[in-house]
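> My questions concern the predicted model and sequence given below.
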Amino acid sequence: MGLPAPEDVWVVIAAYNEAKVIADVIADVASTGHRVVMVDDGSTDTTAERAAQAGATVIRHPINLGQGAALQTALDFVLAQGAETIVTFDADGQHRAADIAGLLDALSRHAADFALGSRFLGSSVNLPLMRRLLLKAAVLFTRATTGLSITDSHNGLRAMTRRGAARIHLRQNRMAHASEILHQIAVSGLKYVETPVTIHYSAYSLAKGQTLFDALLIILDLFARRLHR
Amino acid sequence: MIAQFLLTIMLFTILLYSTMTYRQAPIIGLLTVAAAFCGLYFVWFPSHATRLAELVGISRGVDLILYTWVVISLIMLLNLHLKLRSQMELITLLARKIAIADALRSPRPDAP
């Protein structure tokens, strides 16, 4: 499988109240020539307007549902548009659009359906020690629960083929979706690879990041999900 | 005796409720059935409740019945939480349909 043309790659971004940074993030991604779709998850600021001005196709949730729900909306939308290659990208400015090429190359070179970004194969700028320990604990938990051999379980920078995206059906609306995606990748049996990426932590992105308490809520969410159909 | 009949009626209502719950959340349904049957047993055989209570260090059988009620209440709370999650999933699907339909109706920025 060769590399897709830039315009055949759809980059999806879930955003909630990211008016401060969203225009720069979308401009960065758009500079690669890929199509950009942003799901505005019921923001109360000007995120949607700024994203549209920056060149993204904007889908607006009428109410705030959570990042997982927004990501699934984006996947449903781009699959309906006939997307063959999809990249998920965070809205808070901690990802670099330059890393997308590495993910697409990994998909193509390994004939994989998922290329997962890993900050621990690549690098992290300004990653605090506590956050690093929390992420390492999450990796151990994910390895134990999914059997996937990965080094980074909560990285929103990923690429997937149409076949891979069609196997993702997120029902965890909020932060537990990152674990749910990995679980569904494991269940799908499709090929996945990890690719080094750089995550740049700023005071802004750190303030929006997860805490130890959030991690406990994620585990509860994952447990509760298994109790009902 | 009056209390026993009242408790029995309530526990049978819970048994009925558990059969409805079973379809949506089998684990919760089974837990509720088990707790309700325990409750029924202890209501009609209080001496057994007393013996079991002493065995596990609760001292009075009536306390054991009270604890059974607490367990049933907690299970029902959990079930309520799961129902809210299911409702949220339906709301999510609805909001997603609306969002995508709206996006398809509005012109794309790169459209000619």
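Done, it's in. Predicted model, so just to flag it, every value in this text is computed and none were measured.
> neighbours of residue 95, just the number please.
You didn't pick a chain, so chain A it is. 28 (other C-beta atoms under 10 Å in any protein chain shown). C-betas here are computed from N, CA, C, even on glycine.
> meant chain B actually
For B:Ala95, using other C-beta under 10 Å, the count is 20.
> is the host helix or strand of it up against chain A anywhere?
Element membership for B:Ala95, per DSSP states H and E: helix B:61-105. Yes: using C-beta under 8 Å from any C-beta of the partner chain, helix B:61-105 reaches chain A at B:78, B:81-82, B:85-86, B:88-89, B:91-92, B:95-96, B:98-100, B:102-103.
> Kindly indicate which of those lies nearest B:Arg51.
Set against B:Arg51, the nearest of the residues of helix B:61-105 next to chain A by C-beta to C-beta is B:Leu78 (29.5 Å).
> Check which helices and strands the longest strand along chain A is in contact with.
Criterion DSSP state E: the longest strand present in chain A is strand A:114-125. Judged by 3 or more C-beta pairs under 8 Å, 6 or more residues apart in numbering or on different chains; DSSP states H and E, the packing partners of strand A:114-125 are helix A:100-109, helix A:129-146, strand A:158-161, strand A:192-200.
> Please repeat the previous calculation with a cut-off of 6 Å.
helix A:100-109, strand A:158-161, strand A:192-200 (3 or more C-beta pairs under 6 Å, 6 or more residues apart in numbering or on different chains; DSSP states H and E).
> neighbour-wise, which of the residues of helix B:61-105 next to chain A leads?
Neighbour max across those (other C-beta under 10 Å) = B:Ala99, 27 neighbours.
> which residues in chain A form helices?
Remark: helices assigned in chain A by DSSP state H are A:22-30, A:47-53, A:67-80, A:100-109, A:129-146, A:162-165, A:177-188, A:203-208, A:212-225.
> how about the shortest one: buried residues?
What that stands for is helix A:162-165. By neighbour count with 16 or more other C-beta atoms under 10 Å in any protein chain shown, helix A:162-165 contains the buried residues A:164-165.
> which outside residues touch it?
A:75, A:79, A:84, A:86, A:113-114, A:190 (C-beta atoms under 6 Å, 6 or more residues apart in numbering or on different chains).
> out of the residues you listed, who's nearest B:Ser73?
A:Leu75 (39.8 Å).
> so who does that closest one touch?
Counted by C-beta under 6 Å, 6+ apart, A:Leu75 has contacts A:Ala165.
> Give me the distance between it and chain B.
10 Å (C-beta to the nearest C-beta, to the nearest Å).
> Tell me how many other residues crowd residue 104.
The chain I'm using is chain A. Neighbours of A:Leu104 using other C-beta under 10 Å come to 21.
> nope, chain B please
B:Leu104 has 12 nearby residues by other C-beta under 10 Å.
> related to what we said a few turns ago, hey, which of the helices and strands packed on strand A:114-125 is tucked in deepest?
Compared across the helices and strands packed on strand A:114-125, strand A:158-161 shows the largest average neighbour count, a mean of 26 (mean count of other C-beta atoms under 10 Å in any protein chain shown).
> and the end-to-end length of stretch A:110-119?
Criterion C-alpha to C-alpha, to the nearest Å; first-to-last residue distance in stretch A:110-119 is 20 Å.
> in that stretch, what counts as buried?
A:112-119.
> any idea of the mean pLDDT for that stretch?
Averaged over stretch A:110-119, pLDDT sits at 95.
> What parts of chain A come near chain B?
Within chain A, the positions near chain B by C-beta under 6 Å from any C-beta of the partner chain are A:57, A:59-63, A:65, A:69, A:73, A:77, A:173, A:227-228.
> Tell me how far stretch B:68-87 lies from the chain's centre.
The chain centroid and the centroid of stretch B:68-87 are separated by 4 Å, computed with C-alpha atoms, centre = their mean, to the nearest Å.
> got a list of contacts for that stretch?
Against stretch B:68-87 from outside (C-beta under 6 Å, 6+ apart): A:227-228, B:21, B:25, B:28, B:31-32, B:35, B:38-39.
> Which positions in it come out as buried?
Quick answer for stretch B:68-87 (16+ other C-beta under 10 Å): B:68, B:72, B:75-76, B:78-79, B:82, B:85.
> try stretch A:169-188
Buried residues in stretch A:169-188, defined by neighbour count with 16+ other C-beta under 10 Å: A:170-173, A:175-186, A:188.
> Report the central residue of chain B.
Taking C-alpha atoms, centre = their mean, the centroid of chain B lies closest to B:Met76, which sits 2.9 Å from it.
> And for chain A?
A:Gly156 (2.8 Å).
> thought that one was touching A:Asp90?
Yes: contact criterion C-beta atoms under 6 Å: A:Gly156 and A:Asp90 qualify, at 4.3 Å.
> So, low pLDDT: which residues of the chain?
You didn't say which chain, so I picked chain A. A:1, A:209-213, A:215-216, A:225-229 (pLDDT under 70).
> look at chain B instead
Judged against pLDDT under 70, the low-scoring parts of chain B cover residues B:107-112.
> residues near the spatially closest residue to A:Asn64 that is not a sequence neighbour, how many?
Here the nearest residue to A:Asn64 in space, its sequence neighbours aside, is A:Gly42; by C-beta to C-beta, 6 or more residues apart in numbering or on different chains that works out to 3.5 Å. A:Gly42 has 20 neighbours, counted by other C-beta under 10 Å.
> ok, the closest residue to A:Gly93 other than its chain neighbours - how many residues close by?
In space, and not counting its chain neighbours, A:Gly93 is closest to A:Val21: 4.4 Å by C-beta to C-beta, 6+ apart. Using other C-beta under 10 Å, A:Val21 is surrounded by 19 other residues.
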